[in-house]
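Participant: Everything below, folded, please.
(one chain, ligands or ions: 1)
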Amino acid sequence: MALKIGVIIGSNRPTRLGDKVAQWFMNQVKDTPGTTFEIIDLKEVNLPYLDEPKLPSQGDYQHEHTKKWGTLLAQYDGFVLVTPEYNHGYSAPLKNALDTAYAEWARKPVAFVGYGSLGASAAIEQLVNVTAQLHMVPQPATAIKFIDAWALVNEDGSLNEANRRGSDVPKLLENLLWWTQTLKSARG
Ligand SMILES: Cc1cc2nc3c(=O)[nH]c(=O)nc-3n(C[C@H](O)[C@H](O)[C@H](O)COP(=O)(O)O)c2cc1C
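Facilitator: Residues are numbered from 1 along each chain as shown. Take a look at the predicted model:
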């Protein structure tokens, strides 16, 4: 069964690290058999703050940008959230992106790659709550956490792997792909 995973960059600051962390993850997973990983860059998607007249849970989107966002998300069987930590929470663009859809997230697994001074643990904890409310299946136990964000990117643009804490890519993938396959089969 071919699986498709969306890797969401949760930061859109002009000098963000999020794109480098996401690229690191993509390099690690690019040869995964039977699974395609694609970056979903919230900076490019550029969603306005939730402006639908009806609740996203009603599924009756009025605006083209929301329909496009929903159609994009619906293509994926699972997600990886690449999340920064801002003031012990995750980013406003990521919250807006989560809130601006509903059914398209449901019954799909979500894994986490966090980065910050202490590894974005607070941001990931919040995301576990929020994604569970969206009927997703969050996987905090295999979260990858990069510490010391200010010393994370080497001069050549690669990541300083010595800053990695928490899980690792093989463990994250083993768990994420099990859930992705299991839930995709169950959704039918
Ligand atoms: C508004 C703001 C608040 C921050 N608060 C935290 C924090 O609470 N914990 C932390 O570990 N790092 C914090 N940082 C440092 C970020 O982890 C670091 O700047 C990181 O590069 C942010 O991700 P980004 O560059 O992809 O936006 C904060 C950064 C910003 C911009």
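
Participant: Look up the pLDDT of the closest residue to the ligand within the chain for me, please.
Facilitator: Closest contact between the chain and the ligand, by C-beta to the nearest ligand atom, is at residue 116 (2.7 Å). Yep, even glycine has a C-beta here, placed from its N, CA and C like the rest. We note a pLDDT of 97 for residue 116 in this prediction.

Participant: quick one: residue 82 and residue 16 touch, right?
Facilitator: No: contact criterion C-beta atoms under 8 Å: residue 82 and residue 16 do not qualify, at 10.2 Å.

Participant: Would you mind naming what in this structure lies close to the ligand?
Facilitator: Proximity of the chain to the ligand, by C-beta under 6 Å from any ligand atom, involves residues 11, 13, 16-18, 84-88, 116-118, 149.

Participant: rerun that using 8 Å as the cut-off
Facilitator: Counting by C-beta under 8 Å from any ligand atom, the chain comes close to the ligand at 9-13, 15-19, 21, 84-89, 91, 115-120, 122-123, 149-150, 152.

Participant: In strands only, show me those residues.
Facilitator: Residues from those lying in strands, with DSSP state E as the criterion: 9, 115.

Participant: Can you flag which of the residues of the chain next to the ligand belong to helices?
Facilitator: Taking DSSP state H, the ones among these that sit in helices are 18, 19, 21, 122, 123.

Participant: which pair in those residues spans the largest distance?
Facilitator: Spatial extent of these (C-beta to C-beta) is set by the pair 19 and 122 at 21.9 Å.

Participant: Quick check, pLDDT for residue 157.
Facilitator: For residue 157, the model assigns a pLDDT of 87.

Participant: Sorry, slip of the keys, the one I care about is residue 60.
Facilitator: Residue 60 is assigned a predicted lDDT (pLDDT) of 98.

Participant: excluding its backbone neighbours, what's nearest it?
Facilitator: residue 54 (5.2 Å; C-beta to C-beta, 6 or more residues apart in numbering).

Participant: repeat for residue 121
Facilitator: In space, residue 121 is closest to residue 145, 6.4 Å off (C-beta to C-beta, 6+ apart).

Participant: Partner strands of the helix or strand where the one you found lies, with direction?
Facilitator: Residue 145 is located in strand 144-146, with elements delineated by DSSP states H and E. Strand pairing for strand 144-146, using DSSP bridges, gives strand 109-115 (parallel), strand 164-166 (antiparallel).

Participant: buried sites along it?
Facilitator: For strand 144-146, burial by neighbour count (16 or more other C-beta atoms under 10 Å) applies to 144, 145, 146.

Participant: got it, and stretch 38-54?
Facilitator: By neighbour count on 16+ other C-beta under 10 Å, the buried set for stretch 38-54 is 39, 40, 41, 42, 45, 47, 52.

Participant: and residue 82 and residue 16? which has more neighbours close in?
Facilitator: Neighbour count, other C-beta atoms under 10 Å: between residue 82 and residue 16, residue 82 has more, with 31 against 16.
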